[in-house]
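In: Everything below, folded, please.
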Amino acid sequence: MERGPFSVEWLARSSRGGAQPREGCVCVSPAPRRPHPVPAAAPRDREAADRSSPGQEAEAGGGAVPGRPRTKFSAAQLQELERSFREQRYIGASEKRRLAAALNLSQSQIKTWFQNRRMKFKRQTQDAR
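Out: Numbering: from 1, shown residues only. Below is the predicted model:
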């Protein structure tokens, strides 16, 4: 097997600076390595932080996942969410938009609340058996 300018051995030597390209090859020297900047927060997280509204205070205590703080729903928000859940366990797009606007929450918060509430309902029904 020929040990050309793009063999594993050549690449290993080139990373240490000891490789010389063969005649007739056009080689581009790699750019110096710079550490990648780490953004403070993903754009989605920044948007969520900008949408602060009543009922969205962070819960005290340490969480394992950094990022968006846990939403603390107000009693009025919970009452409306529970009422809607009793009517229908799966929320449609139009109802999700209506609830989000009425409760001053994002649609993803509404969707997540319904997912969590369905799991709670499932656990409760299984425990009752």
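
In: continuing past the helix or strand of the chain with the lowest mean pLDDT, what's the next helix or strand?
Out: Using mean pLDDT, DSSP states H and E, helix 43-50 stands out as the lowest-scoring helix or strand of the chain, at a mean of 46. Using DSSP states H and E, the next helix or strand after helix 43-50 towards the C-terminus is helix 75-87.

In: Give the other helices and strands that that next one contacts.
Out: Where contact means 3 or more C-beta pairs under 8 Å, 6 or more residues apart in numbering; DSSP states H and E, helix 75-87 is packed against helix 93-103, helix 107-128. Quick note: C-beta positions are derived from backbone N, CA and C, even for glycine.

In: which one of those is the most hemmed in?
Out: Mean neighbours per residue, mean count of other C-beta atoms under 10 Å, is largest over the helices and strands packed on helix 75-87 for helix 93-103, with a mean of 15.

In: tell me the angle of that helix relative to helix 75-87?
Out: 160 degrees (axes from the mean of the first three to the mean of the last three C-alpha atoms, to 10 degrees).

In: can I get the CA coordinates of helix 93-103 in CSV?
Out: Presented in CSV, the C-alpha positions along helix 93-103 are these (Å, rounded to 0.1, in the frame of the first residue of the first chain):
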residue,chain,number,x,y,z
ALA,A,93,-52.8,23.6,18.4
SER,A,94,-55.6,26.2,18.6
GLU,A,95,-56.3,25.4,22.3
LYS,A,96,-52.6,25.5,23.0
ARG,A,97,-52.3,28.9,21.5
ARG,A,98,-55.4,30.1,23.4
LEU,A,99,-54.1,28.9,26.7
ALA,A,100,-50.6,30.3,26.1
ALA,A,101,-52.1,33.7,25.4
ALA,A,102,-54.6,33.6,28.3
LEU,A,103,-52.0,32.3,30.9
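
In: neighbouring contacts of it?
Out: 55, 76-77, 80-81, 84, 88, 91, 105-107, 109-111 (C-beta atoms under 8 Å, 6 or more residues apart in numbering).

In: Can you check which of the helices and strands packed on helix 75-87 gets nearest to A12?
Out: Taking C-beta to C-beta, helix 107-128 is the member of the helices and strands packed on helix 75-87 nearest to A12, at 46.4 Å.
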